[in-house]
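**Student:** I need the structure of the sequence given here:
(chains A, B, C, D, E and F)
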Protein chains: 4
Amino acid sequence: MATNFETSKPIYMQIVDTIFQRIVRGEIGPGEKLASVREMAIHSGVNPNTIQRSYAEMERMGVVETKRGQGTFVIEGEIIVERLRHTMQTEIISQFVKSMEELGISRQQMISRLESFLKEGEQNDDPLK
Amino acid sequence: MATNFETSKPIYMQIVDTIFQRIVRGEIGPGEKLASVREMAIHSGVNPNTIQRSYAEMERMGVVETKRGQGTFVIEGEIIVERLRHTMQTEIISQFVKSMEELGISRQQMISRLESFLKEGEQNDDPLK
Amino acid sequence: MATNFETSKPIYMQIVDTIFQRIVRGEIGPGEKLASVREMAIHSGVNPNTIQRSYAEMERMGVVETKRGQGTFVIEGEIIVERLRHTMQTEIISQFVKSMEELGISRQQMISRLESFLKEGEQNDDPLK
Amino acid sequence: MATNFETSKPIYMQIVDTIFQRIVRGEIGPGEKLASVREMAIHSGVNPNTIQRSYAEMERMGVVETKRGQGTFVIEGEIIVERLRHTMQTEIISQFVKSMEELGISRQQMISRLESFLKEGEQNDDPLK
DNA sequence: GTGGTCTAGACCACA
DNA sequence: GTGGTCTAGACCACG
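**Tutor:** Predicted structure coming up:
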């Protein structure tokens, strides 16, 4: 179990992010129940109020719904997963492109730099530690 | 003159970023003088304390130096520009790769998704503005 | 038969309502600053966290914006007032109509009953007290 | 300073309201028997204690009476229905007027706004879609 | 001084 | 048990 929170983003949003990632990766399917606020709080080593805030945020975004007295569930329908995936992907990519452009890097260069980075990564992938 | 700050990152760090970008893009060369704190404050529509903090941060990072009574200058030597460019580029790329991996996207897919995104963007690319 | 109980309104939403009323009535104009979280908390006899929640909610609704370190301000532009007025008015009226219908009162009757009520009120309006 | 928040309406009072509505609409006549506490509890999906409290409240208000071993009955006489209708109607109307006044809307405007609202509602009766 | 986040603990209505 | 709200008190980054 890792607790390891970045210091920049609020914890409750980091939790939202990780849950969204799990939905996009298919670890939590549409219609499935999330861990209860209290369970998640213990598991994450975080105050229940913080988890509550994450859940409320996800509900506000229309990704999750709460059934009173029963728990919090991912919205039914595969569409929600596609929507999430697309939204998060686009967010990441456009942020990347914007940042690179601000450094004066052309669009062709972005791709080659990315390819170089990925190739370097392959070499010292696992062998070391 | 118009200043459109994101709400997420601290303003003083956003200012550091934009100045670093200008250095990397060659708009400010090694040895050149930055605008004074007061000028920059007025120009950015931001509190002088905030600019002061940005300058202090850049000095702490070894990118600029303050000469008493003269102002704040980018460190001499082209090496500083290369160092900055490499540092910021690597930071951006590794952040991008990490985020995409968290979505369960393979490294091959990253490149193709990026290419698609750039192609779509070409339509409203440069002709504008 | 539907049971459908309205959840009694949380304090933080009641506070949102009263602030919206003040905006609609013109007591707080576009661009003006709201009382600080702490001031409002003391003034309302409520915990600062609750006020914070009200402010966050209003920002989420796009009625208010926060400038860091400066305070919370009503969005610029008279449009926001018109939008608020229309939204709240419609809410009140439709609630009224719904309640009257639940009593089996026809739409024509609603108007005449309202007129009677207002006429009665005129007689003992101000002279008293 | 005092800030009078509306006491959020308890469920048992909301149940009282719905029963009163049914009496006013003539669905339950004077002298008729109400559902038993247990029936009503199951039917409403509410704790029997809560229903018990609603019945006690209605008895206190002189609208129903309890006959030991027989059940709970609406008081005899058409007058009770008239009394209820008037009380609830006045409550709804004065609440409406109060809310509209809080928005700074004049009494003349209230009527015209209500009429507009009712007219709009007529259109999307059936034809529209 | 400003808003934003977090913890700890409590109570509530609902199932 | 479930989520939702609220209080009390604390710390933070920002201007």
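**Student:** alpha carbons only for contacts and neighbour counts from here, please
**Tutor:** Fine.
**Student:** Show me which residues of chain A are close to DNA strand F?
**Tutor:** Applying CA under 7 Å from any atom of the strand, we find that chain A lies next to DNA strand F at A:34-39, A:49, A:52, A:55-56, A:66-72.
**Student:** Swap in 10 Å and give it another go.
**Tutor:** A:7-8, A:33-41, A:48-60, A:65-73 (CA under 10 Å from any atom of the strand).
**Student:** among those, which are in strands?
**Tutor:** A:Glu65, A:Thr66, A:Lys67, A:Gly71, A:Thr72, A:Phe73 (DSSP state E).
**Student:** Closest to chain B out of those residues?
**Tutor:** Of all those, chain B sits closest to A:Phe73, with 20.1 Å by CA to the nearest CA.
**Student:** Report the beta-bridge partner residues of the closest one.
**Tutor:** When assigned by DSSP bridges, A:Phe73 has beta-bridge partners A:Lys33, A:Glu65.
**Student:** Count the neighbours of it for me.
**Tutor:** 22 (other CA atoms under 10 Å in any protein chain shown).
**Student:** what's it in contact with, if anything?
**Tutor:** A:Pro30, A:Gly31, A:Glu32, A:Lys33, A:Leu34, A:Val64, A:Glu65, A:Thr66, A:Lys67 (CA atoms under 8 Å, 6 or more residues apart in numbering or on different chains).
**Student:** What's the separation between it and A:Ile23?
**Tutor:** Separation of A:Phe73 from A:Ile23 (CA to CA, to the nearest Å): 11 Å.
**Student:** what do you get for A:Ile11?
**Tutor:** According to CA to CA, A:Ile11 stands 18 Å off from A:Ile23.
**Student:** ok, now A:Glu78?
**Tutor:** A:Glu78 is 10 Å from A:Ile23, by CA to CA.
**Student:** Ok, A:Asn49 next?
**Tutor:** A:Asn49 is 22 Å from A:Ile23, by CA to CA.
**Student:** between the two, which one's more packed in?
**Tutor:** Neighbour totals were compared for A:Asn49 and A:Ile23, and A:Ile23 leads with 22 against 13 (other CA under 10 Å).
**Student:** Now that one, what are its backbone angles?
**Tutor:** Reported as degrees, to the nearest 10, the phi and psi values for A:Ile23 are phi -70, psi -40.
**Student:** check contacts around A:Ile111.
**Tutor:** A:Ile111 touches B:Ile111, B:Leu114, B:Glu115, counting by CA under 8 Å, 6+ apart.
**Student:** which element is the residue most central in space within chain A on?
**Tutor:** Of all residues in chain A, the one closest to the mean position by CA atoms, centre = their mean is A:Asp17, 3.0 Å from it. Element membership for A:Asp17 (DSSP states H and E) is helix A:11-24.
**Student:** so does the longest helix anywhere in chain A get close to chain B?
**Tutor:** In chain A, taking DSSP state H as the definition, the longest helix is helix A:79-102. Yes. Contact of helix A:79-102 with chain B (CA under 8 Å from any CA of the partner chain) involves A:Arg85, A:Gln89, A:Ile92, A:Ile93, A:Phe96, A:Ser99, A:Met100, A:Glu102.
**Student:** per-residue pLDDT, the second one?
**Tutor:** The pLDDT attached to A:Gln89 in the predicted structure is 94.
**Student:** Return the helix or strand in chain A with minimum mean pLDDT.
**Tutor:** helix A:107-123 (a mean of 86; mean pLDDT, DSSP states H and E).
**Student:** Give me the buried positions along that one.
**Tutor:** Buried residues in helix A:107-123, defined by neighbour count with 16 or more other CA atoms under 10 Å in any protein chain shown: A:Arg107, A:Met110, A:Ile111, A:Arg113, A:Leu114, A:Glu115, A:Leu118.
**Student:** Likewise for stretch A:97-107?
**Tutor:** In stretch A:97-107, counting by 16+ other CA under 10 Å, buried: A:Val97, A:Ser99, A:Met100, A:Glu102, A:Leu103, A:Ile105, A:Arg107.
**Student:** how about that stretch as CSV, C-alpha atoms only?
**Tutor:** The C-alpha trace of stretch A:97-107 is given here as CSV (Å, rounded to 0.1, in the frame of the first residue of the first chain):
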residue,chain,number,x,y,z
VAL,A,97,1.9,20.1,-26.6
LYS,A,98,1.3,23.4,-25.0
SER,A,99,4.3,23.1,-22.7
MET,A,100,6.6,22.0,-25.5
GLU,A,101,5.4,24.9,-27.7
GLU,A,102,6.2,27.3,-24.9
LEU,A,103,9.7,26.1,-25.1
GLY,A,104,9.8,26.9,-28.8
ILE,A,105,9.9,23.2,-29.9
SER,A,106,8.3,22.5,-33.2
ARG,A,107,5.6,19.8,-33.6
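**Student:** For A:Glu57, which non-adjacent residue is spatially closest?
**Tutor:** Leaving out its chain neighbours, the residue that sits closest to A:Glu57 by CA to CA, 6 or more residues apart in numbering or on different chains is A:Val16, at 7.7 Å.
**Student:** residues touching that neighbour, list them.
**Tutor:** Residues counted as contacts of A:Val16 (CA under 8 Å, 6+ apart) are A:Ser54, A:Tyr55, A:Glu57, A:Met58.
**Student:** now do A:Gln89
**Tutor:** Counting by CA under 8 Å, 6+ apart, A:Gln89 touches B:Met100, B:Leu103.
**Student:** Count the neighbours of whatever residue of chain A ends up closest to DNA strand E for me.
**Tutor:** Per CA to the nearest atom of the strand, A:Ile11 is where chain A lies closest to DNA strand E, at 3.0 Å. Around A:Ile11 there are 17 other residues, counting by other CA under 10 Å.
**Student:** now swap in A:Ile15 and tell me
**Tutor:** A:Ile15, neighbours per other CA under 10 Å, totals 19.
**Student:** ok, it touching A:Tyr55?
**Tutor:** No. With contacts counted by CA atoms under 8 Å, A:Ile15 stays clear of A:Tyr55, the gap being 9.0 Å.
**Student:** per-domain residue ranges of chain A.
**Tutor:** Split into domains by automatic domain parsing, chain A comes to A:11-76, A:80-123.
**Student:** If you average pLDDT over each of those domains, which is lowest?
**Tutor:** domain A:80-123 (a mean of 89).
**Student:** Please state the offset of that one from the chain centre?
**Tutor:** 16 Å (CA atoms, centre = their mean, to the nearest Å).
**Student:** So which bits of chain A are right by DNA strand E?
**Tutor:** Contacts of chain A with DNA strand E, taken as CA under 10 Å from any atom of the strand, map to A:5-15, A:41-42, A:44-54, A:67-71.
**Student:** Among those residues, name the buried ones.
**Tutor:** The neighbour count (16+ other CA under 10 Å) marks A:Ile11, A:Tyr12, A:Met13, A:Ile15, A:Ala41, A:Ser44, A:Pro48, A:Thr50, A:Ile51, A:Gln52, A:Arg53, A:Ser54 as buried among the residues of chain A next to DNA strand E.
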